[in-house]
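Trainee: Predicted model, plus sequence, below.
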Amino acid sequence: MNGEELLAFIHEVMEARRDPNRRVMIGVVSRDAGKRIYAICGEKPDIITIDRDGIRHALRKTEHHLKPEDLLLAVDAINTSEIIDPSDRKHSDNVVLTFEKDIGGEITFLTEVHIRRGDLLVFNAWRRKKRGTVPMLSEDPPGLTSKT
């Protein structure tokens with residue numbers, strides 16, 4: 001799935017009220033990333049996927065500071081991240097890892113994934129501003145409008 005197709009899928013998921021949960025492949029795990037993942041948890045994922053629940057979980061929370069376009073960075077963050085942390089949490093008996101990647105020197109993009117059946121399922125993502133900066137909101141906080 002290329003970037004335009006993924007962005008269309010993300011918008012489709014965010015606009016639909018009730019739709020079946022679909023999982024789509026968004027990328028391939030690079031050889032180097034696969035080695036780093038295997039060294040941490042003993043799993044060998046091949047592909048990177050995302051589904052409706054992961055998209056909604058990441059984008060509906062304003063404290064995650066994300067726009068739909070930000071999810072296009074997940075594959076690069078997974079494949080080039082030198083910081084991969086195993087989580088103490090498990091999700092449905094799946095290993096949970098957090099990939100941390102500094103993008104542009106001003107934000108950190110983290111991607112939480114679940115290793116399932118040989119793939120990395122992007123389940124959550126968020127931006128974290130560097131210390132000493134004002135948090136960036138992707139949209140107005142809930143309850144506030146230009147009229148109020």
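Mentor: Good, I have the coordinates.

Trainee: what residue ranges in the protein score low on pLDDT?
Mentor: Within the chain, the stretches with pLDDT under 70 are 89-93, 106, 129-148.

Trainee: all helices of it, in order?
Mentor: 3-15, 31-41, 52-59, 74-80 (DSSP state H).

Trainee: outside of the shortest one, which residues touch it?
Mentor: The contact list for helix 74-80 (Cβ atoms under 8 Å, 6 or more residues apart in numbering) reads 26-27, 29-30, 32-33, 48, 50, 99-101, 103, 109-111, 113, 120, 122, 125. Placement of C-beta: from N, CA and C, glycine included.

Trainee: and it, C-alpha only, in CSV?
Mentor: C-alpha atoms of helix 74-80 as CSV (Å, rounded to 0.1, in the frame of the first residue of the first chain):
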residue,chain,number,x,y,z
ALA,A,74,5.3,4.5,11.1
VAL,A,75,7.1,2.2,8.7
ASP,A,76,10.2,4.4,8.6
ALA,A,77,10.1,4.8,12.4
ILE,A,78,10.0,1.0,12.8
ASN,A,79,12.7,0.3,10.2
THR,A,80,15.2,3.0,11.2
